[in-house]
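Student: give me a 3D structure for the following:
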Amino acid sequence: MVEKIFENWLLKFISLAFAVVLWFFVMGESRMEVNHIVPLEYENLPQGLMIASEVPTSVAIRISGPRAMQVNLSPGDISLAVDLTGLSAGVTSFKRLEESLNIPSGLKITRISPSYVDVKLDRVREREVPVRVVMTGEPAVGFMVKSSKAIPGKVAVAGAESELKGVSEVVTEGIDLTNVQESFSQAVAISYIGNYTDLKETKTVEVQVVLQPDPDYVPPQPEVETTEETKLEGETPK
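Tutor: The predicted structure is shown next:
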């Protein structure tokens, strides 16, 4: 039995080796398509400029190629970057992103979404704007707000120049005055949400609120109970 197995062993060995090579050849030539989500990076942003538009941070791609190459392809082998070198303020359209994809040769992109991206660059500026104090509720009856102020009274906002032009002030978070009877000061956060601008440094201010008695307030008079005795005292003798 053993002699039968090793009979013509050289010929059997060559046949086995040929079968193995043929298997790898068939697997290598078998093609398949695989979907990937690839991060989209923006490189070489010119100094003094910033991206001031909604831009995708990833793209969906479908890659076609030999099965063997697809199996060995890891997400780290695929990269996509938009080169912003030399651009000035304005909108630039980058088309045919698939041509910028870094994938091993032998693979082919059959679908990419989005296939292009528009990038708006804007100059980075900053300006100081006043802080407006926001108060809610009413002080206790008989009191009114004499004055309020934020310290510091102005803060710096920085970001895209086009958006910064429309920023005339920032406001504090609401301060509840309900039933308050005394002047006070407290730290309050500034409530500001910009699309492409933000508070540069100062994000909290001290707010001083001064209350005073309301000069127009007339306290309610106590009611006098009318009795028979008071009626008699009030009558004029005949």
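
Student: tell me which residues touch the nearest residue to Ala60 once chain neighbours are set aside, please.
Tutor: Using C-beta to C-beta, 6 or more residues apart in numbering and skipping the chain neighbours, the partner closest in space to Ala60 is Ser113 (4.9 Å). No exception for glycine: its C-beta is placed from N, CA and C like everyone else's. Residues near Ser113 by C-beta atoms under 8 Å, 6 or more residues apart in numbering: Val59, Ala60, Ile61.

Student: from Val91, how far off is Ser113?
Tutor: 21 Å (C-beta to C-beta, to the nearest Å).

Student: list the residues that contact the one residue sitting closest to the centre of the chain.
Tutor: What sits nearest the mean C-alpha location of the chain, by C-alpha atoms, centre = their mean, is Asn195, with 8.4 Å. Contacts for Asn195 (C-beta under 8 Å, 6+ apart) come out as Ala160, Glu163.

Student: repeat that for Ile112.
Tutor: Listed by C-beta under 8 Å, 6+ apart, the contact set of Ile112 reads Val59, Ala60, Ile61, Arg62, Leu97, Glu98, Leu101.

Student: Leu97 versus that one, what's the distance?
Tutor: Distance from Ile112 to Leu97, counting by C-beta to C-beta: 6 Å.

Student: what do those two both touch?
Tutor: Common neighbours of Ile112 and Leu97 (C-beta under 8 Å, 6+ apart) are Val59.

Student: now the terminal residues of stretch 158-177, how far apart.
Tutor: 32 Å (C-alpha to C-alpha, to the nearest Å).

Student: how about residues contacting it?
Tutor: Residues from elsewhere that reach stretch 158-177 (C-beta under 8 Å, 6+ apart): 50, 52, 89, 122-127, 129-139, 145, 150, 155, 157, 186, 188-192, 194-200, 205, 207, 209.

Student: so which bits of that stretch are buried?
Tutor: Ala158, Gly159, Ala160, Glu161, Glu163, Leu164, Val170, Thr172, Ile175, Leu177 (16 or more other C-beta atoms under 10 Å).

Student: just give me the closest of these to Ser79.
Tutor: Ser79 has its nearest neighbour among those in Ala160, at 27.7 Å by C-beta to C-beta.

Student: who's the closest one bridged to?
Tutor: Beta bridges link Ala160 to Val124, judged by DSSP bridges.

Student: secondary structure class for Glu221?
Tutor: I think there's a mix-up here, since residue 221 is Gln and not Glu. Secondary structure, DSSP: H, G, I helix; E, B strand; the rest coil: Gln221 is coil.

Student: any stretches of this protein with poor pLDDT?
Tutor: Within the chain, the ranges that satisfy pLDDT under 70 run 1-6, 18-29, 224-238.

Student: look up phi and psi at Ser53.
Tutor: phi -160, psi 160 (degrees, to the nearest 10).

Student: and the residue nearest to Thr178 when sequence neighbours are not counted, what does it touch?
Tutor: Distances taken as C-beta to C-beta, 6+ apart place Gly137 nearest to Thr178, at 3.5 Å, with adjacent residues excluded. Going by C-beta under 8 Å, 6+ apart, Gly137 touches Asp176, Leu177, Thr178, Asn179, Val180.

Student: now for the residues you listed: which two are most distant?
Tutor: Using C-beta to C-beta, the pair of the contacts of Gly137 lying farthest apart is Asp176 and Asn179, separated by 9.3 Å.

Student: next, Val155: secondary structure please.
Tutor: Look at Val155: counting by three-state DSSP, its state is strand.
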